[in-house]
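Q: Provided below are the primary sequence and the corresponding predicted coordinates.
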Amino acid sequence: MVRAVVFDVGETLIDETRIFTRWAARLGLPAGTFLGLIGACAATDRPLSDAFAIARPGIDLEAEIARWAHDDPEGLRENFDADDLYPDVRPALTALRDAGLAVVVAGNQPPQARAALEAMGLPVDAIRTSDEWGVEKPDPVFFARVADLAGVPASDVAYVGDRLDNDVLPAADAGMRPVLVRRGPWGYLHAERPEAARCAVVDSLGDLVGLLAR
């Protein structure tokens, strides 16, 4: 029985379109070109960082982020806010809590992401990031931390994410119930793979109540 639902962040709760469109402008590329590079990386199992390296060979991403912060200290830059939430997020999280499930957010995110998420006033019980834990998905230690945070055995946790490799299959290996949300470049592509048969696939977070709250 599922007693806690844990969510990834990027392309699960947060639509990253605006983030990568701003990055395209920063890198001097048309938005469609940079988004296409991201999609190509998703399709060929290359890390997201390769899209930046292809767009600007030799880029030092951390140094570029620091320069961007200096150039535009008041802008969102590579960050997100409540305007980037997918529209089904608040209703789905509320419905899950109303159904008696614990709701947690835990994903691979930089230090500022937790404050950004907390500022949204989401109906969740806890928010944590890989940065503060010092471990990233798909490391099994991350998912052990998830279960500890949820306060229930791993077998009672559903982990919801947009990627098979980073999110739902490692969660399944940790004993959790895996749920793939089919959105974002990885979500659409990974839903077509044979390995997706190991998890539930949903097109909206609104489908989770009927799937999990039984």
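A: Ah, there it is.

Q: going forward, measure contacts between C-alpha atoms and count neighbours the same way
A: Will do.

Q: For the closest residue to residue 185 other than its chain neighbours, report the pLDDT, please.
A: Of all residues beyond its chain neighbours, the one nearest residue 185 is residue 39 (5.6 Å), with distances taken as C-alpha to C-alpha, 6 or more residues apart in numbering. If you check residue 39, the pLDDT there is 97.

Q: What residues sit buried inside the strand or helix carrying residue 39?
A: For residue 39, the element it lies in under DSSP states H and E is helix 31-43. Of all the residues in helix 31-43, those buried under the rule 16 or more other C-alpha atoms under 10 Å are 31, 34, 35, 37, 38, 39, 40, 41, 42.

Q: following it, which helix or strand shows up next?
A: Heading C-terminal from helix 31-43 (DSSP H and E), you reach helix 49-55.

Q: Alpha carbons only: can I get that following helix in PDB?
A: Coordinates of each C-alpha in helix 49-55 appear next as PDB, following Å, rounded to 0.1, in the frame of the first residue of the first chain:
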ATOM      1  CA  SER A  49      25.700  19.000 -20.000                       C
ATOM      2  CA  ASP A  50      26.500  17.800 -23.500                       C
ATOM      3  CA  ALA A  51      23.900  20.200 -24.900                       C
ATOM      4  CA  PHE A  52      25.800  23.100 -23.400                       C
ATOM      5  CA  ALA A  53      29.200  21.700 -24.600                       C
ATOM      6  CA  ILE A  54      27.800  21.300 -28.200                       C
ATOM      7  CA  ALA A  55      26.300  24.800 -28.100                       C
END
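
Q: what ranges do the helices span in this protein?
A: All helices of the chain, identified by DSSP state H, fall at 17-27, 31-43, 49-55, 61-71, 89-98, 112-118, 130-133, 140-150, 169-173, 184-190, 208-212.

Q: Can I get the buried residues of helix 31-43 in a markdown table including distance to residue 23?
A: A markdown table is the format used below for the buried residues of helix 31-43 (distance: C-alpha to C-alpha, whole Å):
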| residue | distance to residue 23 |
| --- | --- |
| 31 | 8 |
| 34 | 8 |
| 35 | 10 |
| 37 | 12 |
| 38 | 11 |
| 39 | 15 |
| 40 | 16 |
| 41 | 16 |
| 42 | 17 |
